[in-house]
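>>> Quick check, what structure comes out for this input:
(one chain, ligands or ions: 1)
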Amino acid sequence: MGNTYPYNTRLLLRQELFFVRQGSYSRNSGYLCSMTQPRIIIAIDGYSSCGKSTLARQLAAQLGYHYIDSGAMYRAITLYFLRNAVDIGNRDAVANAIANINLSFVFNEVRQASDVYLNDENAEPFIRDMIVSEKVSEVAAIREVRVFAVAQQQRMGLHKGIVMDGRDIGTAVFPDAELKLFMTADPEVRVMRRFKEMYATNPGITLDEVKSNLELRDYIDSTRDESPLRRAADAVLVDNSNLNCDEQLKLVLEMVKDRIKAALRK
Ligand code: CDP
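Numbers count the residues shown, from 1 in each chain. Below is the predicted model:
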């Protein structure tokens, strides 16, 4: 039986329009996604290309939870800034731009994940382009941008039953999440993974370009003043350099089971 999201998002105010549910979300039944079990928040953080989104998507499918790619929000904001030539050094310009941005998520049956919409336009086809990747960490380091994105992310977690991945989910967005993971993998493994992903849509891309971009983003993300990428003290470290997707999922589902049991005892 599939879970139904507790409210019809079409009825919400524009700023509250996060999820547009199209039919049942859950494709799995059984212990973990039973309606009688407490729903938890799973926060996944880590450097670029550590396989966070793959794991998050699989977990959400298994549990009948929402998967939210918080990075997609920062990418969509960056796309808006690029298209509108927003001067990121000018606080007023940034504030005005943010006031004109509306982000929402629409579940895409084909991808089995949510697409991020920027002012009612599906931004997914554009947000992974290198031009966005090159700017996103600078944009995401701006305080006003983070305040805007984090407030929206926190509202998405109000009903729990959510898996969110990013850089500050366990430290800033959901510091009380029942399960926090900090994912890592060898840098060469990460570069190769991202290169293969990007090569599929952009055969002109080079390994060096991908490597430099990951290194630069990791550096900016972990050294910025505003909620830098850190492992939360209570996050479980998952190194997936030598784990395949199934092994990783199995490992984490055991943790989820424990956390749901712990939530039941509360
Ligand atoms: O897919 P990948 O891990 O390379 O990146 P992403 O999750 O799409 O995030 C893109 C960028 O957004 C990151 O490099 C960060 O600069 C920023 N980000 C952030 O600051 N905080 C988050 N919670 C998620 C992403």
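>>> Now do the buried residues in the lengthiest helix in the chain.
Across the chain, the helix with the greatest residue count (assigned by DSSP state H) is helix 245-265. If you call a residue buried by 16 or more other CB atoms under 10 Å, then helix 245-265 has these buried ones: 248-249, 252, 255-256, 259-260. The way it works is simple: take the backbone N, C-alpha and C, and place the C-beta from them, glycine included.
>>> Stretch 234-247 too?
235, 238, 240, 243.
>>> one step back: export the buried residues of helix 245-265 as CSV, with columns for pLDDT and distance to the ligand.
Shown next, in CSV, are those (pLDDT from 0 to 100; distance: CB to the nearest ligand atom, whole Å):
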residue, pLDDT, distance to the ligand
Gln248, 95, 16
Leu249, 96, 18
Val252, 97, 17
Met255, 97, 21
Val256, 97, 21
Arg259, 96, 21
Ile260, 95, 24
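>>> Grab the nearest non-local neighbour of whichever residue of the stretch 151-266 of the chain sits closest to the ligand.
In the stretch 151-266 of the chain, the residue that lies nearest the ligand is Gly166 (2.4 Å; CB to the nearest ligand atom). In this structure, Gly166 finds its nearest non-sequential neighbour in Ser70, 3.5 Å apart by CB to CB, 6 or more residues apart in numbering.
>>> what residues are up against that neighbour?
Ser70 makes contact with 149, 153, 164-167, 169, 173 under the criterion CB atoms under 8 Å, 6 or more residues apart in numbering.
>>> Just flag the most distant two among the residues you listed.
The most widely separated members of the contacts of Ser70 are Ala149 and Asp165, with 13.5 Å between them, by CB to CB.
>>> what about these two, which has more around it?
More neighbours surround Asp165 than the other of Ala149 and Asp165, with 27 against 23 (other CB atoms under 10 Å).
>>> That one should be in a strand, yeah?
Yes. Under DSSP: H, G, I helix; E, B strand; the rest coil, Asp165 falls within a strand.
>>> Would you agree it is in contact with Tyr47?
No. With contact defined as CB atoms under 8 Å, Asp165 does not reach Tyr47; the gap is 11.6 Å.
>>> now what about stretch 140-147, what contacts it?
Contacts for stretch 140-147 (CB under 8 Å, 6+ apart): 74, 77-78, 88, 91, 94-95, 98, 139, 149, 167-168, 172, 220-221, 224-227.
>>> filter the residues you listed to the buried ones?
With burial judged by 16+ other CB under 10 Å, the buried subset of these is 74, 77-78, 88, 94, 98, 139, 149, 167-168, 172, 220-221, 224, 227.
>>> Which of these sits closest to Val132?
Distances from Val132 to these, taken by CB to CB, are shortest for Thr78, at 5.2 Å.
>>> secondary structure element for the closest one?
Using DSSP states H and E, the element containing Thr78 is helix 70-83.
>>> Give me the angle between the next helix or strand after that helix and helix 70-83.
Where DSSP H and E defines the elements, the next helix or strand beyond helix 70-83 is helix 91-99. Here the directions of helix 91-99 and helix 70-83 differ by 120 degrees (axes from the mean of the first three to the mean of the last three CA atoms, to 10 degrees).
>>> Give me the contacts around helix 91-99.
Taking CB under 8 Å, 6+ apart as the rule, helix 91-99 contacts 77, 80-81, 84, 86-88, 142, 144-145, 148.
>>> Most neighbours among those residues, please name it.
The most crowded member of these, judged by other CB under 10 Å, is Ile77 (28 neighbours).
>>> coming back round to it: CA atoms only for the longest helix of the chain, dumped as PDB, please.
This file holds the C-alpha atoms of helix 245-265, laid out as PDB (Å, rounded to 0.1, in the frame of the first residue of the first chain):
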ATOM      1  CA  CYS A 245      24.800   0.400  -4.200                       C
ATOM      2  CA  ASP A 246      23.000  -2.700  -2.900                       C
ATOM      3  CA  GLU A 247      25.600  -3.300  -0.100                       C
ATOM      4  CA  GLN A 248      25.300   0.400   0.900                       C
ATOM      5  CA  LEU A 249      21.500   0.300   0.900                       C
ATOM      6  CA  LYS A 250      21.400  -2.900   3.000                       C
ATOM      7  CA  LEU A 251      23.800  -1.400   5.500                       C
ATOM      8  CA  VAL A 252      21.900   1.800   5.900                       C
ATOM      9  CA  LEU A 253      18.500   0.100   6.000                       C
ATOM     10  CA  GLU A 254      19.600  -1.700   9.100                       C
ATOM     11  CA  MET A 255      20.400   1.600  10.700                       C
ATOM     12  CA  VAL A 256      17.000   3.000   9.700                       C
ATOM     13  CA  LYS A 257      15.300  -0.100  11.300                       C
ATOM     14  CA  ASP A 258      17.200   0.600  14.500                       C
ATOM     15  CA  ARG A 259      16.300   4.300  14.500                       C
ATOM     16  CA  ILE A 260      12.600   3.600  13.800                       C
ATOM     17  CA  LYS A 261      12.600   1.100  16.700                       C
ATOM     18  CA  ALA A 262      14.200   3.800  18.900                       C
ATOM     19  CA  ALA A 263      11.600   6.300  17.800                       C
ATOM     20  CA  LEU A 264       8.800   3.800  18.700                       C
ATOM     21  CA  ARG A 265      10.200   3.500  22.300                       C
END
